[in-house]
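1. here's a sequence, model it:
(one chain, ligands or ions: 1)
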Amino acid sequence: MLVTLLLLVGVSSTLALDNGLALTPPMGWLTWERFRCITDCKKYPNECISEDLIKRTADIMVSEGYLDAGYEYLGIDDCWLEKKRGPDGRMVPDKERFPSGMKALADYIHSKGLKFGMYEDYGNLTCAGYPGVLGNERLDIETFVEWEIDYLKLDGCYIQPENMDAGYPAFGQMLNDTGRSILYSCSWPAYQEDAKMLPDYASIAQHCNMWRNWDDIEDSWASMTKIMNWFGDNQDRLAKHAGPGHWNDPDMLLIGNFGLTIDQARVQMAVWSILAAPLLMSVDLATIRPEFKEILLNKDIIAVNQDPLGKQGLRVWKKTERGARSRLEVWRRELQGDALALAFVSQRDDGIPYAANFTSSEMNVQDGLYEVHDLYKDEGVRHWNSEEDFEVRINPSGVKFYKLIRKPSADVVVKSKTDSDSAMSEAVVYTMLNKS
Ligand code: GLA
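-> Numbers count the residues shown, from 1 in each chain. This next block holds a predicted model:
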């Protein structure tokens, strides 16, 4: 009996995270990028990390269509704790900024149909210097379960990256064992990449629902493109580990804040969707301008991000040297139903929109006839035959983002289009199509 029990314990400690969550990339809102560690509510009442900010955001997520669009997690990042644990050793939320306590806040969030996200750190301290979980793992997980959280971002400051390969899975196992479904967001590889270690992504994907791979995003085009370039440069070792239940995370959306233009915001939404990245807004939803809100709520683009195949897309073409198509890139993601998403990104900043042509092999697109939908709806629906070049015209630091749907009768129609006697060939095609 004892042997069986020990065996069972042994087996369960090597089991993967099994919470059935994040079958598509998680979507929601998180405090950090926009609100950082603002704790002075007297000076900054609308911006400090507090229950007021979270409740106000919850209200807007529901009333203005964000929840309906799929943004369901509402998360507090760092700076929610008192600097000292309570006499019972438990984490204590800041008493002035969270006077009602976390359970009451969770109830409020749940009453709106949203899910509650929280932040902690695997080390002694969080990155901003509040108490971390190290040494109190079980008690903290118990507390989180009492508060009924649905999502936990576990950061990795103040702990050796070498200890993460065992530590993060062990913590995930404890979360699993509680029986509450808590989405597990790990910062494990970000710290290992930073320490120039090669993270074991196979293990990470087995034990986490999502994981921060690399640098923190900052509110600028420079930061965003640096992250985007890093994901493109490292895609061969990253992309294969993404799939239903487990995702690479290039960090939060900057859309609607201070640093990105509308065109640049469109780039982030497009590339993050190609990357099957979690879509975590971090913006003041009370003051966001409508043109940015429209980008965040673009249903066709969200559908690309949430595509059920769950295949992370790749940067399939890029040119950095000078010349006609310099600093343009093509990003491609396979979608269910014989469809593709293609993002043509320009990192140029020299004035006019540039026109460029791409062949089907440059875009890694299978031969055929396609229906082309502009996902930002600047252009109407058109048809494209893969024997022709695909023409795009892209704004500086902008994007053209299309969904291509392959048409079944492609072969026949393609032949007719290349025939000089079009009347004749159209008649032939018509007959052939009707026969088939
Ligand atoms: C780290 C993380 C950020 C944020 C801060 C909070 O830098 O990578 O996303 O959580 O800590 O202090």
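
2. which secondary structure state is assigned to the residue of the stretch 151-300 of the chain found nearest the ligand?
-> Residue nearest to the ligand within the stretch 151-300 of the chain: Asp216 (4.6 Å; C-beta to the nearest ligand atom). Just so you know, the C-beta spots here come from the backbone N, C-alpha and C atoms, and that holds for glycine as well. Three-state call for Asp216 (DSSP: H, G, I helix; E, B strand; the rest coil): coil.

3. what does stretch 325-337 rub up against?
-> With C-beta atoms under 8 Å, 6 or more residues apart in numbering as the test, stretch 325-337 has contacts from 232, 270-271, 273-274, 276, 304, 307-309, 311-320, 340-348, 354, 356, 358, 362-365, 394, 403, 405.

4. what's near enough to touch the spatially most central residue of the chain?
-> With distances taken as C-alpha atoms, centre = their mean, the residue of the chain nearest its centroid is Pro278 (2.0 Å). Counting by C-beta under 8 Å, 6+ apart, Pro278 touches 25-28, 185, 210, 247, 249.

5. same question, Met102
-> 93, 118, 147, 149.

6. just give me the neighbour total for the first one.
-> Meaning Pro93. Other residues lying near Pro93 total 20 when counted by other C-beta atoms under 10 Å.

7. kindly report the same for the second one.
-> Under the neighbour criterion other C-beta under 10 Å, Met118 is assigned a count of 23.

8. helix or strand for it, just tell me which one.
-> strand 115-121 (DSSP states H and E).

9. which strands border that strand, and is each parallel or antiparallel?
-> Applying DSSP bridges, strand 115-121 is found paired with strand 73-75 (parallel), strand 151-155 (parallel).

10. please work out the average pLDDT along the longest one.
-> Okay, so that is strand 151-155. Mean per-residue pLDDT for strand 151-155: 98.

11. from the chain's centroid, how far away is the following helix or strand past the strand holding Met118?
-> Downstream of strand 115-121, the first helix or strand assigned by DSSP H and E is helix 137-147. On the basis of C-alpha atoms, centre = their mean, to the nearest Å, helix 137-147 sits 27 Å off its chain's mean C-alpha point.

12. by how many degrees do helix 137-147 and strand 115-121 diverge?
-> 160 degrees (axes from the mean of the first three to the mean of the last three C-alpha atoms, to 10 degrees).

13. numbering from 9 from now on, please.
-> New numbering, starting at 9: the last item is helix 145-155.

14. before we move on, the earlier item: same list (the strands paired with strand 123-129) but as CSV, adding distance to the ligand and mean neighbour count.
-> As requested, the strands paired with strand 123-129 are exported to CSV (distance: least, C-beta to the nearest ligand atom, whole Å; neighbours: other C-beta atoms under 10 Å):
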stretch, distance to the ligand, mean neighbour count
strand 81-83, 10, 26
strand 159-163, 5, 25
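
15. could I get those strands as a markdown table with distance to Asn171?
-> Formatted as a markdown table, the strands paired with strand 123-129 follow (distance: least, C-beta to C-beta, whole Å):
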| stretch | distance to Asn171 |
| --- | --- |
| strand 81-83 | 25 |
| strand 159-163 | 13 |
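
16. mind listing what's buried in stretch 396-406?
-> Within stretch 396-406, the residues that qualify as buried are 398, 400, 402-406, counting by 16 or more other C-beta atoms under 10 Å.

17. CA atoms only: put that stretch into PDB for me.
-> The C-alpha trace of stretch 396-406 is given here as PDB (Å, rounded to 0.1, in the frame of the first residue of the first chain):
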ATOM      1  CA  GLU A 396       1.000  36.900 -60.100                       C
ATOM      2  CA  ASP A 397       3.000  39.100 -57.700                       C
ATOM      3  CA  PHE A 398       1.200  40.200 -54.600                       C
ATOM      4  CA  GLU A 399       1.300  44.000 -54.400                       C
ATOM      5  CA  VAL A 400       1.100  45.900 -51.100                       C
ATOM      6  CA  ARG A 401       1.700  49.500 -50.200                       C
ATOM      7  CA  ILE A 402       2.700  50.100 -46.600                       C
ATOM      8  CA  ASN A 403       2.800  53.200 -44.500                       C
ATOM      9  CA  PRO A 404       6.100  54.000 -42.700                       C
ATOM     10  CA  SER A 405       6.300  51.900 -39.500                       C
ATOM     11  CA  GLY A 406       3.000  50.400 -40.500                       C
END
